[in-house]
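K.L.:
Sequence and predicted structure are below.
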Amino acid sequence: MSDYLDRYARKKSLCHRLPGSIKIVTAIVLILTAISVPLERWPILGVLLVVTYLGLSLAGVPLAYLMRRVGLFLPMMFLLTISLPASQGFERGWDLMGTILLRSTVSLMSVLWLVNTLPFDDLLVTLRNWKFPAVLLATLAFMYRFLFVSWDELERLKIARRMRSFGRTSLFFRWKSLSRMIGLLMIRGLTRSERVHGAMCARGWTGEVVFLEDDSDT
């Protein structure tokens with residue numbers, strides 16, 4: 001989990017050397033352009049798709065990594081957009097469905113490019129330089145940190161389940177153990193958050209995130 005979310009964000013490619021503000025603005029411009037392109041000018045979306053793929057290639061993001069995430073994303077979007085032609089007897093709406101799929105794919109690839117070229121701590125520094133509210137920055141920082149805490153707790157629960165299951169792999173047993181794991185994960189997460197909050201207050205937490213390294217170029 002330690003390198004799952006942004007495992008390629010600390011490389012030394014041309015895209016990684018760009019200032020953080022330029023990366024964020026570039027991703028936002030690509031997303032807004034994809035959203036605002038009219039239906040009759042759908043070839044522009046194809047150009048944007050190629051541009052985002054080239055950006056990911058320049059950043060050194062492997063094709064297998066990209067295909068896994070797009071492969072998880074497109075089926076969900078397909079199920080959402082198939083309602084457009086279905087509501088018209090599958091006679092019309094296919095062009096709108098394809099446009100929405102292209103727009104969402106371009107947006108997804110833009111976000112993937114940003115995530116894998118800008119480490120999260122640099123993102124927070126850039127947002128702070130943009131005068132974002134301190135409460136928002138603290139919320140984002142804790143959210144990111146607790147993803148790893150929750151993942152570690154989940155790994156412990158999975159190990160404990162395997163040790164207690166003794167090879168039982170029936171569907172009912174898996175669903176039952178999964179529901180228990182979700183409940184235990186929520187309880188442990190709340191307990192851990194209270195312990196972390198108490199430790200932070202004991203160390204003089206003032207509500208503002210302190211950055212050890214501040215890159216003035218971002």
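P.N.:
Nice, thanks for sending it over.
K.L.:
The host helix or strand of Met163 - contacts with which helices or strands?
P.N.:
According to DSSP states H and E, Met163 maps onto helix 134-165. In terms of contacts (3 or more CB pairs under 8 Å, 6 or more residues apart in numbering; DSSP states H and E), helix 134-165 is packed against helix 120-129, helix 171-202. C-beta coordinates here come from the backbone N, C-alpha and C atoms, glycine included.
K.L.:
Out of those, which one sits most buried?
P.N.:
helix 120-129 (a mean of 19; mean count of other CB atoms under 10 Å).
K.L.:
Give the other helices and strands that it contacts.
P.N.:
Using 3+ CB pairs under 8 Å, 6+ apart: helix 120-129 touches helix 20-36, helix 134-165.
K.L.:
Specify the stretch among those helices that is closest to Ile187.
P.N.:
helix 134-165 (9.9 Å; CB to CB).
K.L.:
Name the residues that touch stretch 56-63?
P.N.:
8, 11, 13-16, 66, 109, 112-113, 116-117 (CB atoms under 8 Å, 6 or more residues apart in numbering).
K.L.:
just stretch 175-185 next, same as before
P.N.:
With CB under 8 Å, 6+ apart, stretch 175-185 has contacts from 150, 153-154, 157-158, 161, 165.
K.L.:
what's near enough to touch Ile100?
P.N.:
So Ile100 contacts 77, 81, 84 (CB under 8 Å, 6+ apart).
K.L.:
ranking the residues you listed by neighbours, who comes first?
P.N.:
Highest neighbour count within these: Thr81, with 19 neighbours (other CB atoms under 10 Å).
K.L.:
Just the pLDDT at the closest residue in space to it that isn't next to it in sequence, thanks.
P.N.:
Once flanking residues are discounted, Thr81 sits nearest to Met97: 4.5 Å by CB to CB, 6 or more residues apart in numbering. Note on Met97: pLDDT of 90.
K.L.:
how far is the helix or strand harbouring Met97 from where the chain is centred?
P.N.:
Using DSSP H and E, Met97 maps to helix 94-115. Relative to its parent chain, helix 94-115 has a centroid offset of 15 Å by CA atoms, centre = their mean, to the nearest Å.
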